[in-house]
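In: Have a look; sequence and predicted model below, questions after that.
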Amino acid sequence: MTDDAPAPARVCSHCDGFPAVRVTLGGRDRRGYLRTVTVHCPACHGTGNRAAARRPLPVLAGVSA
């Protein structure tokens, strides 16, 4: 019998699992450091994974309300 394997994580298709990046604004401050901002993925909101897509319920033919 094989061991139970954990379910694979759903990696965000927009950021490929890299949800937060540092983007340079150009130039340097007085101490010589690059000016940067942290930007989060808009699709997964910085988590790196996404929830499973919800599928609509099937409509049964011939059923009237």
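Out: Structure's in. What do you need? Residues are numbered from 1 along each chain as shown.

In: Next up, the contacts around the residue nearest to residue 27 when sequence neighbours are not counted.
Out: Nearest non-adjacent residue to residue 27, counting by C-beta to C-beta, 6 or more residues apart in numbering: residue 35, 6.0 Å away. For the C-beta atoms, the positions are set from N, CA and C on the backbone; glycine is no exception. Residue 35 is in contact with 24-29, counting by C-beta atoms under 8 Å, 6 or more residues apart in numbering.

In: Give me the subset of those lying in strands.
Out: 24-28 (DSSP state E).

In: Can you add neighbour count, distance to residue 44 and pLDDT and give those back as JSON lines?
Out: Below are the ones in strands among the contacts of residue 35 laid out as JSON lines (neighbours: other C-beta atoms under 10 Å; distance: C-beta to C-beta, whole Å; pLDDT from 0 to 100):
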{"residue": "24", "neighbour count": "10", "distance to residue 44": "23", "pLDDT": "92"}
{"residue": "25", "neighbour count": "9", "distance to residue 44": "24", "pLDDT": "90"}
{"residue": "26", "neighbour count": "8", "distance to residue 44": "27", "pLDDT": "89"}
{"residue": "27", "neighbour count": "7", "distance to residue 44": "30", "pLDDT": "90"}
{"residue": "28", "neighbour count": "11", "distance to residue 44": "31", "pLDDT": "92"}
